[in-house]
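Enquirer: Sequence first, then the predicted structure, then my questions.
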Amino acid sequence: MPHDPEKYVYDALEACETVMQFVKGKKYLDYTADKLLRSGVERQLIIIGEALNRLHRESPGIASEIKDFQKIVNFRNIVVHSYDIVEDETVWGIVEFHIPLLYEILETLLKK
């Protein structure tokens, strides 16, 4: 049974927003010192990757409008299946630089 691609875009958008709320006012050292914060951020990154993976299966054309969607899905797989090699520095870089950009892209897609 096919699902509405808009739902997947919305789920990823909401997870981006949650990440940005989690880290608002935080620095890298805050992130590394707070196990709960790291776990919460990683959980939201998993949701983003899974939502985009499902979006790609349901509507590849829409997914292709998301820059680097395959890298996002691949990172989700690393967090889930290779949790022991995930580096805080990498996650923080994603949070700081890529999540706000992805949020904007997803917001634009929802307006279409």
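Expert: Great, that's in hand.
Enquirer: okay, CA-based contacts and neighbour counts for the rest of this
Expert: Noted.
Enquirer: same for the lengthiest helix in the chain, what does it pack against?
Expert: Using DSSP state H to define each element, the chain has its longest helix at helix 35-58. For helix 35-58, the elements it packs on are helix 5-23, helix 28-33, helix 60-63, helix 69-81, judged by 3 or more Cα pairs under 8 Å, 6 or more residues apart in numbering; DSSP states H and E.
Enquirer: what helices or strands is the last one leaning on?
Expert: The reference is to helix 69-81. Here helix 69-81 touches helix 35-58, going by 3+ Cα pairs under 8 Å, 6+ apart.
Enquirer: and the helix it packs on with helix 69-81, angle?
Expert: Interaxial angle, helix 35-58 versus helix 69-81 (axes from the mean of the first three to the mean of the last three Cα atoms, to 10 degrees): 130 degrees.
Enquirer: For helix 35-58, which outside residues touch it?
Expert: With contact meaning Cα atoms under 8 Å, 6 or more residues apart in numbering, helix 35-58 is reached by 2-3, 5, 8-9, 11-13, 15-16, 18-19, 22-23, 31-32, 62-64, 69-70, 72-77, 79-80, 88, 91.
Enquirer: Give me the buried subset of those.
Expert: Using 16 or more other Cα atoms under 10 Å as the burial test, the contacts of helix 35-58 include 5, 8-9, 11-13, 15-16, 18-19, 23, 31, 63, 69-70, 72-73, 75-76, 79, 91 as buried.
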